[in-house]
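S.K.: Fold the following, please.
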Amino acid sequence: NAPATTEIYTEDASSAASDVYKRQLFEELGFHYIGPLDGHDLPGLVKALENMKDLEGPQFLHIRTMKGKGFLPAEQDPVGYHAINKIEATSKPTAPTGPQPADALPATPRKSGPKYQDVCGQWRWDMAAADERLVGITPALCEGSGMVEFAGKFPDRYYDVAIAEQHAITLAAGMACDGLKPVVAIYSTFLQRGYDQLIHDVALQNLDVTFAIDRAGLVGQDGPTHHGAFDLSYLRCIPNMVIGAPSDENECRQMLYTAYQHEGPAAIRYPRGKGPGAQIVHDMTALPLGTALELRSGSQVAILNFGSLLAETLFAADQLNATLADMRWIKPLDTGLVLDLARRHDLIVTVEDNAIAGGAGSGVNEVLLASGISVSLLNLGIPDCFVEHGDQGHQLKSLELDGRGITERIQERLFEMNNGSVTESLSRTVEVSR
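M.R.: Reported below is the predicted structural model:
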């Protein structure tokens with residue numbers, strides 16, 4: 001004899017009508033509905049689960065929890081404490097004094113500009129005010145994607161589809177078919193969930209959908225589940241896709257505008273956190289697709305930077321007197337500049353905050369291979385591993401993607417080209433600090 005539902009949970013009279021409806025809904029689907037229970041009452045939950053073992057058929061246990069339960073600041077501000085870093089002690093230890101090791105790196109300057117998510121949010125607001133066809137779609141990433149103000153100003157053009165990335169993309173495709181211009185705000189790691197819809201519902205039909213891809217590259221304390229390490233690799237192979245990676249805040253705004261004006265699927269990927277503090281031009285100007293900028297002219301080495309590591313590559317270029325290009329577009333790639341740089345230099349170096357496998361550097365390799373130009377290549381990016389938690393600066397250093405690390409990798413390759421052993425280089429591994 002199975003215990004009655006009333007023996008498993010205690011029902012509040014004020015919500016009885018609502019709970020009866022829920023019970024009827026799920027029991028009509030063939031479930032034995034039990035709940036709602038207090039999700040923070042562990043002894044009660046254990047008792048309920050023990051009792052449910054004796055019930056036959058499919059069971060539906062409904063529990064209620066409070067976000068941030070047990071930590072008062074999180075209970076009072078569940079959105080602000082959704083993702084938190086290390087909580088510092090009230091009194092922090094003082095900075096070390098006295099002489100430092102010769103190889104000690106200078107402290108990373110604190111970035112003072114707006115967050116990239118807010119740059120995108122401001123662009124979305126401005127673009128929506130200028131074009132009533134714009135609709136904003138997000139899969140439960142309103143705050144993290146800078147959409148709070150947009151949702152308040154344009155509630156009839158704002159769609160939060162909850163944690164349903166596939167639906168977000170198919171909804172955007174349907175809206176584009178009806179003449180609207182959807183902008184999908186989504187994290188790089190979560191876009192992976194909607195890959196089939198991205199290919200079949202958007203790209204296959206060449207629909208006018210703009211993807212604002214947040215948290216591209218290394219995301220610091222959010223760790224390996226949230227790193228945007230694969231988007232360039234999985235987007236680059238899709239026909240009809242346009243892909244851009246800005247190097248600063250203003251370039252981000254102008255590239256979003258360019259993607260929006262493009263009549264087809266386009267993705268602009270930008271990192272978590274703040275940019276280098278570039279002056280943001282309010283007027284929006286479409287950038288020529290597939291056109292890079294040669295920022296510095298040097299000799300022997302040409303560094304091709306894709307995205308947010310421009311400051312690090314500029315450091316390396318200055319140290320090595322290398323040519324530096326801000327590539328901006330991954331697809332279409334500025335093949336003309338790539339071929340020109342290959343003819344003028346001995347070593348082409350690509351730098352990106354994406355997986356090396358299949359990333360922007362692979363696109364450069366393909367162009368050079370097809371052209372028949374013989375030039376040494378070095379692809380720098382995220383290696384074939386999952387990068388563990390840590391602050392972004394530490395992660396970049398551990399992968400040798402900071403300024404000093406990039407410089408040393410290039411120097412090693414130059415040594416191999418001139419005097420060294422390639423075999424010794426291939427045996428060298430990058431140890432990722434955990």
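S.K.: Show me where the stretch 301-434 of the chain has its strands.
M.R.: Ranges of strands in the stretch 301-434 of the chain, per DSSP state E, counting those that start in this stretch, are 301-306, 323-326, 329-331, 347-355, 376-382.
S.K.: can you put those in TSV and add mean pLDDT, distance to Tyr257 and mean neighbour count?
M.R.: Where you see a C-beta, it was placed from the backbone N, CA and C, and this is true even at glycine. Shown next, in TSV, are the strands of the stretch 301-434 of the chain (pLDDT from 0 to 100; distance: least, Cβ to Cβ, whole Å; neighbours: other Cβ atoms under 10 Å):
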stretch	mean pLDDT	distance to Tyr257	mean neighbour count
strand 301-306	98	20	28
strand 323-326	98	17	23
strand 329-331	98	14	23
strand 347-355	98	23	26
strand 376-382	98	27	20
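S.K.: Looking at those, spot the one closest to Ala316.
M.R.: Nearest to Ala316, of all the strands of the stretch 301-434 of the chain, is strand 301-306, at 6.4 Å by Cβ to Cβ.
S.K.: where does this protein dip in pLDDT?
M.R.: Within the chain, the ranges that satisfy pLDDT under 70 run 1-19, 21, 83-112, 420-434.
S.K.: still on that earlier bit, looking at the strands of the stretch 301-434 of the chain, which is closest to Gly121?
M.R.: Of all the strands of the stretch 301-434 of the chain, strand 347-355 comes closest under Cβ to Cβ, at 21.6 Å.
S.K.: by how many degrees do that closest one and strand 376-382 diverge?
M.R.: 20 degrees (axes from the mean of the first three to the mean of the last three Cα atoms, to 10 degrees).
S.K.: strand partners of strand 347-355, parallel vs antiparallel please.
M.R.: Strand pairing for strand 347-355, using DSSP bridges, gives strand 301-306 (parallel), strand 376-382 (parallel).
S.K.: All the helices of the stretch 51-200 of the chain, residue numbers only.
M.R.: In the stretch 51-200 of the chain, the segments counted as helices under DSSP state H, counting those that start in this stretch are 72-76, 116-130, 148-153, 165-177, 188-191, 195-197.
S.K.: same thing with the stretch 301-434 of the chain?
M.R.: 310-320, 335-344, 360-371, 392-398, 403-418, 422-426.
S.K.: how about the fifth one: buried residues?
M.R.: By neighbour count with 16 or more other Cβ atoms under 10 Å, helix 403-418 contains the buried residues 403-407, 409-410, 412-414, 416.
S.K.: what does stretch 137-145 give?
M.R.: For stretch 137-145, the neighbour count (16+ other Cβ under 10 Å) marks 137-142, 144-145 as buried.
S.K.: Of the residues you listed, which pair is most distant in space?
M.R.: Most distant of the buried residues of stretch 137-145, by Cβ to Cβ, are Ile137 and Gly144, 14.3 Å apart.
S.K.: In a helix, Ile268, correct?
M.R.: No. Counting by DSSP: H, G, I helix; E, B strand; the rest coil, Ile268 is not part of a helix but strand.
S.K.: contacting residues for it?
M.R.: The neighbourhood of Ile268, defined by Cβ atoms under 8 Å, 6 or more residues apart in numbering, consists of 210-213, 243-246, 252, 255-256, 259.
S.K.: Mind doing that once more with 7 Å?
M.R.: When contacts are counted by Cβ atoms under 7 Å, 6 or more residues apart in numbering, Ile268 is found next to 212-213, 244, 246, 255-256, 259.
S.K.: Please flag which of these sit within helices.
M.R.: Using DSSP state H, 255-256, 259 are the members of the contacts of Ile268 that sit in helices.
S.K.: Any chance of a markdown table for the buried residues of stretch 137-145, columns distance to Asp77?
M.R.: Formatted as a markdown table, the buried residues of stretch 137-145 follow (distance: Cβ to Cβ, whole Å):
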| residue | distance to Asp77 |
| --- | --- |
| Ile137 | 26 |
| Thr138 | 20 |
| Pro139 | 22 |
| Ala140 | 18 |
| Leu141 | 18 |
| Cys142 | 15 |
| Gly144 | 15 |
| Ser145 | 19 |
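S.K.: returning to what we had before: for the helices of the stretch 301-434 of the chain, give me a markdown table that also has distance to Ile63.
M.R.: Below are those laid out as a markdown table (distance: least, Cβ to Cβ, whole Å):
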| stretch | distance to Ile63 |
| --- | --- |
| helix 310-320 | 47 |
| helix 335-344 | 56 |
| helix 360-371 | 45 |
| helix 392-398 | 36 |
| helix 403-418 | 47 |
| helix 422-426 | 54 |
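S.K.: picking that back up, nearest to Asp156, out of the buried residues of stretch 137-145: which one, please.
M.R.: Ile137 (13.2 Å).
S.K.: tell me the contacts of the closest one?
M.R.: 159, 161, 168, 171-172, 182, 184.
S.K.: Please tell me I have it right and Pro78 contacts Lys69.
M.R.: No. Using Cβ atoms under 7 Å, Pro78 makes no contact with Lys69, being 9.5 Å away.
S.K.: Export the strands paired with strand 347-355 to a markdown table and append columns for distance to Trp125.
M.R.: Shown next, in a markdown table, are these (distance: least, Cβ to Cβ, whole Å):
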| stretch | distance to Trp125 |
| --- | --- |
| strand 301-306 | 28 |
| strand 376-382 | 32 |
